[in-house]
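Enquirer: could you work out the structure for the sequence below:
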Amino acid sequence: MFRIISLLVSIPVVIIVATFAYRNAQPVTIDIFTSKFDFPLAGILLITLFLGGIVGYLVNFALVIRQKNKIRQLSRQNQEMLSLSEAFKMDDKRL
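Expert: Residues are numbered from 1 along each chain as shown. I've put the predicted structure just below:
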């Protein structure tokens, strides 16, 4: 079922991207400090979209790693508290 849904979504996306690339094929001049070159507008826009996706993924990945570290730290604290709680229960039973 998931394959059918992803296929139904991906086909229109591919058609839209292809149409976009066809309609924006005119070259633009890119000036990067020391050199200039011509590249199709659609290519530049798709490259920047791709790079933006990569940057977003990396930022999200860093946040996930930070959250996992926080979960690990809190889990250790929880285990310490549980062991202290067990120790206090044992002391109460002795009294």
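
Enquirer: so where's this protein shaky on pLDDT?
Expert: Applying pLDDT under 70 to the chain picks out residues 91-95.

Enquirer: where along it do the strands fall?
Expert: 27-32, 35-40 (DSSP state E).

Enquirer: what's the longest helix in the chain?
Expert: The residue-count maximum for a helix in the chain (DSSP state H) belongs to helix 41-94.

Enquirer: against which helices or strands is it packed?
Expert: Counting by 3 or more C-beta pairs under 8 Å, 6 or more residues apart in numbering; DSSP states H and E, the packing neighbours recorded for helix 41-94 are helix 2-23, strand 27-32. Every residue, glycine included, has its C-beta placed from N, CA and C.

Enquirer: indicate which one of the ones you listed is closest to Asn69.
Expert: Checking the helices and strands packed on helix 41-94 against Asn69 by C-beta to C-beta gives helix 2-23 as the closest, at 31.7 Å.

Enquirer: contacts made by the closest one with the rest, please.
Expert: Contacts to helix 2-23, defined as C-beta atoms under 8 Å, 6 or more residues apart in numbering, come from residues 40, 42-43, 45-46.

Enquirer: which one of the residues you listed sits in the busiest neighbourhood?
Expert: Ala42 (19 neighbours; other C-beta atoms under 10 Å).

Enquirer: roughly how far apart are the residue positioned nearest the centre of the chain and Leu41?
Expert: Among the residues of the chain, the one closest to the centroid is Tyr57, at 2.5 Å (C-alpha atoms, centre = their mean). As judged by C-beta to C-beta, to the nearest Å, Tyr57 and Leu41 stand 25 Å apart.

Enquirer: go on, Ile30?
Expert: Distance from Ile30 to Leu41, counting by C-beta to C-beta: 10 Å.

Enquirer: same check on Phe20?
Expert: As judged by C-beta to C-beta, Phe20 and Leu41 stand 10 Å apart.
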